[in-house]
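Novice: could you look at this predicted model? Sequence included:
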Amino acid sequence: MARSEASQSNPAPQWNPAPQWNPASQWNPAPQWNPAPQWNQAQRPQAATQAATQAATKAAMQALRRASNGDSRSLALHAACILGFGAIGVFASSAVAGGCSGDVDGNGEVSGSDLAGLLSAWGSADPSADLDGSGLVDAADLTVLLGSWGPCPPSNPTATELASVQASVAPYAVHLNSFNLGATVNFAVDPLKFPDLAGDTVDVYLVANRTAAEWAASSALVDVRGAAQAANLPSNPTTPNVALAMTGVTAGDGLSPGRGFDLVIDVDRNGTLGAGDLIDGAGDEPGFWYVVDLAAAGPLAVTQIASYDVNDPDILDSMELERIYYPTTIATLGTRPLVVISHGNGHNYAWYDYLGTHLASWGYVVMSHQNDTVPGIETASTTTLEHTESFLAQLATIGGGVLNGRVDGDRIVWIGHSRGGEGIARGYDRLFDGTFTSPNYQIGDVRLLISIAPTDFLGSASANPHGVPFMLMYGAADGDVCGCPDSDIGDSFNVFERAEGLRQSTYVHGADHNDFNCCGFNDFTGPTGTAIGNAEAQDVMKAASLAMIRRVVENDASAEEYLWRQYESIRPISVAATTTVINEWNPAPLDRIVLDNFQANSATTVASSGGAVAFVGVANEFEGLQNDNNTAFTWTTTDPMNGATRGRTTDATRAFVFNWTIASSIAWTIPADRRDFTQGKFLSMRAAQGTRHPQTTAVLGDLTFTITLIDELGEETSLQISALAGGVEEPYQRTGYGTGAGWQNALETIRLPLSAFTYGGSALDLARVESVLIQFGGTSGSAQGRLVIDDLQIETK
Amino acid sequence: MQTTSFMRNTSNLRGRSAAFMALTACIVSSSTFAQEVTAPTKDSAKAPTQQVGMPAMPVTPAAAAELIEVIPFELAQPFTHSMRRERPEYTRGHVLVLRAPEAYLVPRQVAEPVLLVGGQTAERINAGYASGFLIVVVPEWRERGADGVERAGDPSTARIWFASPELPERVDAAWIDAAAASASKAGLAAAAPRVAGFAPAKAERFENRDALGRFLADIIAKRSPSETDVIDTLRATN
């Protein structure tokens, strides 16, 4: 959708607190309210009720016109006008009529449509409009209807998101689910979504997570803190957050790093979840999690078998050793997933104590094995496959049988480093191709691959994770598997891009290749003063791998947000605020609705989903394979994908790149079959700054921009991506491979909760989103920049 | 945490990059090794050329600096040589102790220079970059002499050199022949330089590869004692 320059330069949807704070000034001439599905029908924003009032006015005026034309019901209509306007007067003072007997159409509010329905039945005995049951639809019924004008009182609690983090820009409160132990946990009740609650004093209950069934069984509110927290709900929509009192509240829950809570706003302060109350966490999932330090040891003591020889004839005699870590109390834990660690070339199976011990302390059985990496990737993959098989076969003898019956062979995680990282991808590919089979496990038992800086010797067909969930851990200062432009072997992102299922990458500035083991060569390659050291890098690894394993293998989402939120927004407690980490997250195909991933329709003006794409002001737009086409990172116009080290010529990963120096925009028209965004939870995309481009080096900081959703009726809401903290990180300022500074393009996910687009009583209809508009420059964000973008989509989980 | 660790000391080899880089600078500037230039075009099969934090990828082909020991051995149980595509089994071979420049010994995830001994790929047992001593196993290979008679190759008199970077599992006889031709063209000596007083050792006999591994551990303990992880690993086999 093309927009005029005038509208581009004025991001009108940005919140203007002064005129909008007063609900009375919220007049919205467009009457097409569409309630967000998570709201109780009874709780309508003031803007909506004003729209309904407008509709009532229209209906009354139409009736008057009909009366002036000789309609026989002129008297009644005259009365309707008088009473109707009287009701409007009452409504403007925010009074809510009691009862709901006037809700003729049953839509949860008494409004103009009900009035119109009653008038249509005037003089008849229509029982739906005979509100007083007199047998005649007459003025008495009209009185009843007008007496109950407005939203119906809630008959149930309202499920809504409450837990929030402060944002410096609209929507000012972003509803998220994970909070670090010791960090501020807010709740926010949007005063424009819930105008009747603004300014009220309520009781806030922090309740141990209950399932929906448990809530149905008991509505009694029990605060884990011993007593509810009294709070005044802010009336100012720019300061909606209220801090929860969390003193003394513990985090973590057994083997989960997150302790789940449901959050209840007890409006009537009766100690019971009931009509009119608000709840975050009404379903089985908690409203939010309070999370311990993901890099810290878990709750369990760990036993280590330092060296176990599997003596398997299918494994070379020189590659048979394993180091095993398991919870000391494993006999009490039931069966636990198996994590296999496959080291890299010149590394040693004993170099991952930090990781094996960490994961075992969180309840996993971890086996690190000798890995035959010197010959190459095939031999490495064979070693991983065979060690997994042998380990499962020998549980009765390992450690005297302590693990027998305690390892869940249906839940296996493979972690590989460098050549071992590629080896596990190749191993999975061999299972996929059926060229390796085991009597002890099947392909479906391997639930997750985590590759640390994998090589890419084998290329597209063989170094391929296919659809299994995949995680990449990668240091930007890697001096070995370097992400260099002159070779595909050292481009770890190649393997990541081939992963077709849920995938996540954690890209760590200042971390080198051997920071992820104890004892490898110091290969740090980066600007002086930026090395983070192996302790810090390993904290990142411990935290991310735990979060991913919990999420994928145990369906525990308590730490998922650490895998996709900006690190400026949330980071493991142990990881320093000065450490830069870039997250990328893409859910499985069934959990996303692609708007544009640039994989089809190669014309820049057509999205992969088929909708039109229009540009205003952007320059040098290019869509193509994410493969730097020469051997240097020096910026040149003949290499628009400069810095892209994510695919070989045989790979398919494509993206879009452009730059801007003026107020600019890109607008996607959404195809009709994808306009219902209410199916989703997030609008997401991934983006990276273009390596060493003049507009990148000129900014040398996070890039921000504004995303606007526009519905079919022209209603729109805009959010600047900095609402979630941070922005698109500047490239790691590593030199080499040409002139200038800046390493490979590091795509990061920008994932905006769709609920944020309904802040402030927005009339945006998420069920009918016609276009997505991204605005750059001007007042929309960074004044200039070069950006790679990809995977614009709606995510449903 | 309970442990039953046999590990005594973990050899932390970090922090030595400066020394290596300095040494590497000497190596790569040496005309002795500057005999091959990496092509400037992108090649999916090649390793990156510039690794600032690691010793730069050294030029190849290049001769090993010195042959220190040659120890013939026999295995009662055959063992698979996985360092070449053909994956031959062997029961005879040699243990070699070499001295080589560190840039050739630093373990790399990207392809490393392939160490060839005559017509055979060598299996590196230790890393060697800290000590400069590299211990390798070379399975017996057959070669035809000038007299036209095929016989077992002799590492004591064979050319020992680092060929171009590649995964050994992708190296086959044809690749080795091409590498040998490249070495000859580069003027590498037909035999490795020997340490003063060099003399072939008597043959050792082992039941299997594990037993050979324990023998190798002793050699590494003597020549490159800081590599405790490798030593302990070799000794832990049964």
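Specialist: The structure has been received and is ready for your questions.

Novice: please tell me how far the nearest residue to A:Thr201 once chain neighbours are set aside sits from A:Gly274.
Specialist: Of all residues not flanking A:Thr201 in the chain, A:Asn232 sits nearest, at 5.3 Å (C-beta to C-beta, 6 or more residues apart in numbering or on different chains). Yep, even glycine has a C-beta here, placed from its N, CA and C like the rest. A:Asn232 is 21 Å from A:Gly274, where distance means C-beta to C-beta, to the nearest Å.

Novice: ok and the residue in chain B nearest chain A?
Specialist: Nearest residue of chain B to chain A, counting by C-beta to the nearest C-beta: B:Pro107, 2.1 Å away.

Novice: can you pull the contacts of that residue?
Specialist: The contact partners of B:Pro107, by C-beta atoms under 8 Å, 6 or more residues apart in numbering or on different chains, come to A:345-347, A:520-521, B:127, B:129.

Novice: chain neighbours aside, what residue packs nearest to it?
Specialist: A:Gly346 (2.1 Å).

Novice: I'd say that neighbour and B:Arg108 touch.
Specialist: Yes - at 7.4 Å, A:Gly346 counts as touching B:Arg108 under the criterion of C-beta atoms under 8 Å.

Novice: so these two - more neighbours on which side?
Specialist: Neighbour count, other C-beta atoms under 10 Å in any protein chain shown: between A:Gly346 and B:Arg108, B:Arg108 has more, with 28 against 25.

Novice: that one - that's part of a strand, no?
Specialist: No - B:Arg108 is assigned coil when assessed by DSSP: H, G, I helix; E, B strand; the rest coil, not a strand.

Novice: neighbour count winner among A:Asn232 and A:Gly274?
Specialist: A:Gly274 (16 against 11).

Novice: isn't the more buried one up against A:Asp268?
Specialist: Yes - look at A:Gly274 against A:Asp268 with C-beta under 8 Å: they come within range, at 7.0 Å.

Novice: list phi and psi for B:Phe215.
Specialist: Phi and psi for B:Phe215, reported as degrees, to the nearest 10, are phi -60, psi -40.

Novice: for A:Thr379, that is, sorry about that
Specialist: Backbone torsions of A:Thr379, given as degrees, to the nearest 10, read phi -70, psi -40.

Novice: tell me the pLDDT at the residue nearest to it when sequence neighbours are not counted?
Specialist: Of all residues not flanking A:Thr379 in the chain, A:Asp372 sits nearest, at 4.1 Å (C-beta to C-beta, 6+ apart). We have a pLDDT of 96 for A:Asp372.

Novice: just the helices in chain B please.
Specialist: B:17-29, B:173-185, B:209-223, B:228-236 (DSSP state H).

Novice: work out the gap between the last one and the centre of the chain.
Specialist: By that I understand helix B:228-236. Offset of helix B:228-236 from its chain centre (C-alpha atoms, centre = their mean, to the nearest Å): 18 Å.

Novice: quick one: mean pLDDT over that helix.
Specialist: 89.

Novice: quick check, that helix touching chain A?
Specialist: Yes - with C-beta under 8 Å from any C-beta of the partner chain as the criterion, chain A is reached by helix B:228-236 at B:229-230, B:232-234, B:236.

Novice: show me which residues of the longest strand seen in chain B are buried.
Specialist: Using DSSP state E to define each element, chain B has its longest strand at strand B:66-80. Neighbour-count burial for strand B:66-80, counted by 16 or more other C-beta atoms under 10 Å in any protein chain shown, picks out B:66-73, B:75, B:79.

Novice: okay, now the unreliable bits of chain B?
Specialist: Along chain B, segments meeting pLDDT under 70 span B:1-53, B:237-238.

Novice: of all the residues in the stretch 151-300 of chain A, which one is nearest chain B?
Specialist: A:Ala297 (9.2 Å).

Novice: just checking, that residue touches A:Leu359?
Specialist: No - counting by C-beta under 8 Å, A:Ala297 does not reach A:Leu359; the two are 10.2 Å apart.

Novice: which one's more surrounded, the two?
Specialist: Taking other C-beta under 10 Å, A:Ala297 and A:Leu359 do not tie; A:Leu359 has more neighbours (27 against 16).

Novice: check contacts around the more buried one.
Specialist: A:325, A:339, A:366, A:542, A:545-546, A:549.

Novice: top of those residues by number of neighbours, please.
Specialist: Of all these, A:Val366 has the most neighbours under the rule other C-beta under 10 Å, reaching 30 neighbours.

Novice: show the contacting residues for the closest residue to chain B within chain A.
Specialist: Chain B sits closest to A:Gly346 of chain A, with a gap of 2.1 Å, by C-beta to the nearest C-beta. Counting by C-beta under 8 Å, 6+ apart, A:Gly346 makes contact with A:373-374, A:520-521, B:106-108, B:127.

Novice: for those, give me JSON lines that also has distance to A:Asp429.
Specialist: Shown next, in JSON lines, are the contacts of A:Gly346 (distance: C-beta to C-beta, whole Å):
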{"residue": "A:Thr373", "distance to A:Asp429": "17"}
{"residue": "A:Val374", "distance to A:Asp429": "21"}
{"residue": "A:Gly520", "distance to A:Asp429": "26"}
{"residue": "A:Phe521", "distance to A:Asp429": "29"}
{"residue": "B:Val106", "distance to A:Asp429": "29"}
{"residue": "B:Pro107", "distance to A:Asp429": "25"}
{"residue": "B:Arg108", "distance to A:Asp429": "23"}
{"residue": "B:Ala127", "distance to A:Asp429": "29"}
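
Novice: of these, closest to A:Val310?
Specialist: A:Thr373 (17.5 Å; C-beta to C-beta).

Novice: that closest one touches A:Met319, doesn't it?
Specialist: No - using C-beta under 8 Å, A:Thr373 is not in contact with A:Met319; the gap is 9.5 Å.

Novice: what about the two, which has more around it?
Specialist: Taking neighbours as other C-beta under 10 Å, A:Thr373 and A:Met319 compare with A:Thr373 leading, 29 against 24.

Novice: give me phi/psi at the nearest residue to A:Pro572 once chain neighbours are set aside?
Specialist: Leaving out its chain neighbours, the residue that sits closest to A:Pro572 by C-beta to C-beta, 6+ apart is A:Ala543, at 3.7 Å. Backbone torsions of A:Ala543, given as degrees, to the nearest 10, read phi -70, psi -50.

Novice: same deal with A:Leu590?
Specialist: Backbone torsions for A:Leu590, taken as degrees, to the nearest 10, come to phi -70, psi -10.

Novice: likewise for A:Ser218?
Specialist: Dihedral pair for A:Ser218: phi -150, psi 120, per degrees, to the nearest 10.

Novice: got the contact list for it?
Specialist: So A:Ser218 contacts A:Arg210 (C-beta under 8 Å, 6+ apart).

Novice: strands along the stretch 251-400 of chain A, start to end?
Specialist: Per DSSP state E, counting those that start in this stretch, the stretch 251-400 of chain A carries strands over the ranges A:258-266, A:278-280, A:288-291, A:302-309, A:321-327, A:336-342, A:365-369.
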